[in-house]
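K.L.:
Sequence first, predicted coordinates after that:
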Amino acid sequence: MKRFAELGVDIYVTEFDVNLTDIPGTQSEKWAFQAKVYGDMLQACLEVAACKSFSVFGISDCFTWYNVCNGCLNLPNAEPLPFDRNFNPKPAYYAMRDVLARK
């Protein structure tokens, strides 16, 4: 993000998610990986004034473009969002919350 900022362009992180389909490991390991990516990306955005927005592409894994629409990718194990299929917060949610709490 710093390199884009140095070019003088504004940065808008939109429709962010982390597809876990091809990530190896247990569910806990996958969710820990996902949490790190969410946290790192949000932290990077907050560190650069040129980053004007950070938004995720949905809330819950039960409603994701990976598997619930006509023409979707049909990846039922993508689990890309900060809340699970039952709207319980996943580690990704807590990672973003913690980044924001430190800000």
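P.N.:
In hand now; what should we look at? Residues are numbered from 1 along each chain as shown.

K.L.:
from the chain's centre, how far out does stretch 95-103 sit?
P.N.:
14 Å (Cα atoms, centre = their mean, to the nearest Å).

K.L.:
err, stretch 70-89, not the other one
P.N.:
The chain centroid and the centroid of stretch 70-89 are separated by 12 Å, computed with Cα atoms, centre = their mean.

K.L.:
What residues sit buried inside it?
P.N.:
Buried residues in stretch 70-89, counted by 16 or more other Cβ atoms under 10 Å: Leu75, Ala78, Glu79, Pro80, Leu81, Pro82, Phe83, Asp84. Every residue, glycine included, has its C-beta placed from N, CA and C.

K.L.:
in the chain, which spans are helices?
P.N.:
2-6, 27-47, 91-102 (DSSP state H).

K.L.:
could those helices go into CSV alongside mean neighbour count, mean pLDDT and distance to Phe63?
P.N.:
Below are those laid out as CSV (neighbours: other Cβ atoms under 10 Å; pLDDT from 0 to 100; distance: least, Cβ to Cβ, whole Å):
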stretch, mean neighbour count, mean pLDDT, distance to Phe63
helix 2-6, 12, 93, 30
helix 27-47, 17, 97, 17
helix 91-102, 16, 98, 15
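
K.L.:
Make TSV out of those helices and add distance to Thr21.
P.N.:
Shown next, in TSV, are the helices of the chain (distance: least, Cβ to Cβ, whole Å):
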stretch	distance to Thr21
helix 2-6	28
helix 27-47	10
helix 91-102	15
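
K.L.:
any idea how far Ala5 is from the residue nearest the centre of the chain?
P.N.:
Centroid-nearest residue in the chain: Asp17, 3.7 Å away (criterion: Cα atoms, centre = their mean). As judged by Cβ to Cβ, to the nearest Å, Asp17 and Ala5 stand 23 Å apart.

K.L.:
for Asp40, same thing?
P.N.:
According to Cβ to Cβ, Asp40 and Ala5 sit 17 Å apart.

K.L.:
what's the answer for Ala49, then?
P.N.:
Taking Cβ to Cβ, one finds Ala49 at 7 Å from Ala5.

K.L.:
Please apply the same query to Val48.
P.N.:
For Val48, the distance to Ala5 - Cβ to Cβ - is 5 Å.
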